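1. Have a look; sequence and predicted model below, questions after that.
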Amino acid sequence: MQQDPDLIARSANELVGDLNPQQAEAVQYRGPALLIGAGAGSGKTRVLTRRIAYILSQFGAWPSQILAITFTNKAAAEMRERLAALIGPVAERMWVSTFHSACVRILRRDGKSIGLDPGFSIYDTADCERLVKLIAADLNIDVKRYTPRAILSRISDYKNNLEGWQDKLREQAPDYRPGQRGYQIGNPGNAEALYAVVYAEYQHRLAAANAVDFDDLIGRTVELLRRDPAVADYYRHKFRYILVDEYQDTNHAQYVLVRELAGVDAAKGAPVPADMPYAGREGQAWITVVGDSDQSIYAFRGADIRNIQDFEQDFPNAKTIMLEQNYRSTQTILDAANAVISNNEGRKPKKLWTALGKGEPIVGYAADNAQQEAAWIAGEIARLHGEEAIAYSDMAVMYRANAQSRSLEEALINAGLPYQLVGGTRFYERREIKDAIAYLQAIVNPADDVNMRRILNVPKRGLGARAEAIVVGYADMNAIPFYAAVERLDSIEGVPTRTANQLRAFRDLMDGLRKFAADPANRPSDIVAEVLSKSGLLDELRKSEDPQDASRVENLSQLQSVAAEFEQNTPDATLAGFLETTALVADSDQLPGEGEDSGKVTLMTLHTAKGLEYPVVFLTGMEQGTFPHSRAMEDASELSEERRLAYVGITRAKRRLYVTRAAVRAQWGQANEMMPSQFLDEIPSDLIDWKRREAGVERMRANWSNGGFDDDEFGGWGDDDFGGTTYGGSTYGSSYGSSESASGSSYGSGTRRFGAGAGSRSRGGSAGGSRSGSAGSNGRSGYGSRSYGSSGSSYGYGSGSGSSSRSGRVTTRRVAPKTGGSASSAAPGAPRDNGLNIADFHVGDRITHDMYGLGTVVDTLDKGAKSVITVDFGSAGTKRLMLNRAPIEKL
DNA sequence: ATCTGACCCCTTTTT
DNA sequence: GGGGTCAGAT
């Protein structure tokens, strides 16, 4: 075995000596197909990097023979880093990248044989939507009935399943010729035919623009490998070891891509013996896939969980090794995760375990509304930081949907806590950035009609719809790209002089920019600067009076910095290369890498959180309809995916897990009453320490019977203002559907059970002292959110009792149908006046404050509505608070 | 051609 | 709360 000077050879013992037996076996396994079933926190990245090092040092493979696929650029960068540390600079010569960047690399090099020029554009979702809109307009499609999004999602499905447009067209609309002009499909009853036609036309125009979309990156690479045997041979000989991370999230096209690259089917006639010591130079490449079917959360994007489930049938002589020891979390957290995921049907049973010990209980909190939930979390973060010296960067707040981040952000800002938000509207999706990128794209690829037409009148230069239509007409007639028509504008008939002048100016602008970009002395950041100034983009924003435009100017200057940074890190940096990095960024790529401390609390969606870990994790919005998301609650398989998402969330936590919910959440203007998430119910109740079990609304409601709950916890609610009649009975009872709720013990008892439908197992209650058995069989109907405004489903409050309780802390009332716009302020959102009475407070009383936590009253000052109390919060200091405004509760 | 205001629908999750 | 679209005014 010849030794590579860049390779730090590692002995077998160095690579596996400190691993557990399963990990060691996975690192050393010799065979054509290996599936590593890696539970959350089981050290899979470690195993993967060690295995690569092992293949190099012990199998004698060359670095160039290795292809390692990860899901995000960040994961790839991290793996490269770890490999460099382990085996030296040789790591730089391996392909460690995402599916998408690997495919870009292949297509740039070899795409010619399927008609792709190396300078092709990569369209993001917004570009694709533009293209579909253009097509819909030309074909006279009603975009209300067939939204571009829906059409694109269908096209994406086709592509993920490798169904070509040719086949679709043949089946559904055989008379359509892509590119033909004047075809009016209108709005046929046959949606399939419409999809087929748009799909074909979409592909036709992508090809004409020398562009691909995200799905094409995979699909067209498969096409290339299948159509060009020389190219296929090249890569099959090149890559002898292929490793795929997050295999449970691969879609069919990616699955086929792996098979094609590995030459699994090409090698069929001559099966590889199972006992070969290494892959050798011919035949099937050796495949290692790593994944966890319980963490498959991308089915909505085409991921097919069967890829991992059927691995053993799909690949000859496949071997499976399971990693079940968790090195990340406490046993309490794992017990919760195991309990939740065990409600999914048809999964291979698997139990994570840890040697780390039981740890702290999970902390639960039920807030009245989203603002209060956020404020409580902010307070808890401040407390953990102050009292327990936990770094902000060790804490993360997670939620189901990006829209939930707003109230959390506001609370953190109010509390003066540093945070970073990951995801949401991405930098590269901002309008001004998209505009600038569109210029760059149009410079690199003048055939790119979508981007060229986008910038035609940005900034405004008097070239509106009319001018565009004239050029498009000429381009269509001559079957040339849009910009080619602009270049020939002198031969276009009937162009008004004014328009002609403007078009000429645009052409001169673009020609000038292209010349500038073509000069090798000008680097990407120079080109960005030139585009920003010459195009007038910057000037327009600078002149604007819209305050938002100031930050847009900032963003543009940041784009230039990004380009400069790219040059620093990339030898031979080209503009096309820069555009590629901007096209393929993921949300998680913004996160600081290992060992970097941002010093900030991290906010992100559960999807973005996959693969990450934090000592402290807050899972927020644990409500039916929020999480699981309302759109996913009816369908069993979608609900399973939500549950896997919950599993992912829980297992992100290393030491402490918080689960919080809001009893009322406003979603697009409407205040909705939210039931607790069924996933909360699936966590064994003795694992959760509820700091506040019921929201105010719920206490009031439960209070009518006052049976079985602890007066200390719900102090102040004992006197029964409401009588039993208002809240009793039918609507409430039917939603919880149990005879127990009539007896009053269910709601107040330590364990609450909402019915014993398929997924929800019944456990004996213990925390509250009273037993709650199976609560009947109303199945899922009891779950879900309830809109105040909607008739029929609201709770049985009489209009008279809709005012407030004596203390007035929570005002639950019907919200009038949205009229004057003040509906949401009338909703039980954070009230300005909390209605607390100074007479109820005395020196020595214990209270809690949403931000500062527990405190003792040290002084009271009666000034009527402006009463002030002074509270000692211990480590958080002594504060003077406006009694009726402060977010406090008397204990 | 462009600006304004009144609607409309809507929102999972993302490489 | 928000952005995108459309009609009507300038």
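-> On my side now, so go ahead.
2. all contacts plus neighbour counts: C-alpha atoms, from now on.
-> Will do.
3. Can you pull the residues of the stretch 401-550 of chain A lying near DNA strand B?
-> A:401-403, A:423-424, A:457, A:460-467 (Cα under 7 Å from any atom of the strand).
4. So which of those residues sit within helices?
-> A:465-467 (DSSP state H).
5. From those, list the buried ones, please.
-> residue A:467 (16 or more other Cα atoms under 10 Å).
6. In JSON lines, list the ones in helices among the residues of the stretch 401-550 of chain A next to DNA strand B along with pLDDT.
-> Shown next, in JSON lines, are those (pLDDT from 0 to 100):
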{"residue": "A:465", "pLDDT": "85"}
{"residue": "A:466", "pLDDT": "87"}
{"residue": "A:467", "pLDDT": "90"}
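7. Kindly indicate which of the ones in helices among the residues of the stretch 401-550 of chain A next to DNA strand B lies nearest residue A:137.
-> The closest of those to residue A:137 turns out to be residue A:465 (Cα to Cα; 12.8 Å).
8. pLDDT wise, what is residue A:497 at?
-> We have a pLDDT of 89 for residue A:497.
9. what about it, how many residues close to it?
-> As a burial measure, residue A:497 scores 9 neighbours (other Cα atoms under 10 Å).
10. distance of it from residue A:457?
-> Per Cα to Cα, to the nearest Å, residue A:497 is found 17 Å from residue A:457.
11. Check residue A:515 too.
-> 21 Å.
12. Quick check on these two: which one has the bigger neighbour count.
-> When residue A:515 and residue A:457 are compared for neighbours, residue A:457 comes out ahead with 18 against 10, by other Cα under 10 Å.
13. What pLDDT does the model give the more buried one?
-> The model's pLDDT for residue A:457 equals 90.
14. Could I get the contacting residues of it?
-> A:463-464 (Cα atoms under 8 Å, 6 or more residues apart in numbering).
15. Pop out the phi and psi values for it.
-> When read as degrees, to the nearest 10, the backbone of residue A:457 gives phi -120, psi 30.
16. And it, how far from residue A:438?
-> 12 Å.
17. again with residue A:450
-> Taking Cα to Cα as the measure, residue A:450 falls 9 Å from residue A:438.
18. Mark out where each domain of chain A begins and ends.
-> Domain assignment for chain A by automatic domain parsing gives A:12-113+A:218-323, A:121-209, A:362-425+A:596-825, A:427-584, A:838-890.
19. how about the first one, does it get close to DNA strand B?
-> Yes: residues of domain A:12-113+A:218-323 are located near DNA strand B by Cα under 7 Å from any atom of the strand, namely A:71-72, A:98-100, A:297-298, A:300-301.
20. any chance of these in JSON lines, with distance to residue A:148 too?
-> Formatted as JSON lines, these follow (distance: Cα to Cα, whole Å):
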{"residue": "A:71", "distance to residue A:148": "27"}
{"residue": "A:72", "distance to residue A:148": "27"}
{"residue": "A:98", "distance to residue A:148": "28"}
{"residue": "A:99", "distance to residue A:148": "26"}
{"residue": "A:100", "distance to residue A:148": "24"}
{"residue": "A:297", "distance to residue A:148": "24"}
{"residue": "A:298", "distance to residue A:148": "21"}
{"residue": "A:300", "distance to residue A:148": "17"}
{"residue": "A:301", "distance to residue A:148": "17"}
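21. quick one: which helix or strand includes residue A:169?
-> Counting by DSSP states H and E, the element that carries residue A:169 is helix A:165-172.
22. Point out where the stretch 751-891 of chain A drops to low pLDDT.
-> Along the stretch 751-891 of chain A, the model assigns pLDDT under 70 to residues A:751-835, A:849-854, A:861-868, A:870, A:872-882, A:884-887.
23. Okay, whichever residue of the stretch 151-300 of chain A sits closest to DNA strand B and residue A:689: tell me how far apart.
-> DNA strand B sits closest to residue A:300 of the stretch 151-300 of chain A, with a gap of 4.7 Å, by Cα to the nearest atom of the strand. Residue A:300 sits 34 Å away from residue A:689 when distances are taken as Cα to Cα.
24. Which one's more surrounded, the two?
-> residue A:689 (17 against 11).
25. ok, whichever residue of the stretch 551-700 of chain A sits closest to DNA strand B - contacts?
-> Using Cα to the nearest atom of the strand, the single residue of the stretch 551-700 of chain A nearest to DNA strand B is residue A:586, 3.5 Å away. By Cα under 8 Å, 6+ apart, residue A:586 lies in contact with A:72-73.
26. Kindly recompute the last result at 10 Å.
-> By Cα atoms under 10 Å, 6 or more residues apart in numbering, the contact set of residue A:586 is A:71-74, A:422-423, A:426, A:608.
27. Mark which of the residues you listed are part of helices, please.
-> A:73-74, A:608.
28. Strands of the stretch 151-300 of chain A, residue ranges please.
-> Under the criterion DSSP state E, counting those that start in this stretch, the stretch 151-300 of chain A carries strands at the ranges A:211-213, A:241-244, A:286-291.
29. ok but residue A:664 is inside a helix, no?
-> No: checked against DSSP: H, G, I helix; E, B strand; the rest coil, residue A:664 lies outside a helix; its state is strand.
30. hey, what's it bridged with?
-> residue A:369, residue A:673 (DSSP bridges).
31. residues touching the residue minimising distance to the centre of chain A, list them.
-> Centroid-nearest residue in chain A: residue A:607, 3.7 Å away (criterion: Cα atoms, centre = their mean). Residue A:607 makes contact with A:297-298, A:398-401, A:587-588, A:645, A:648-649 under the criterion Cα under 10 Å, 6+ apart.
32. In strands only, show me the residues you listed.
-> Secondary structure from DSSP state E places A:398-399 of the contacts of residue A:607 in strands.
33. Tally up the residues packed near the closest residue to residue A:424 other than its chain neighbours, please.
-> Spatial nearest neighbour of residue A:424, excluding adjacent residues (Cα to Cα, 6 or more residues apart in numbering): residue A:402 at 5.9 Å. Residue A:402 has 17 neighbours, counted by other Cα under 10 Å.
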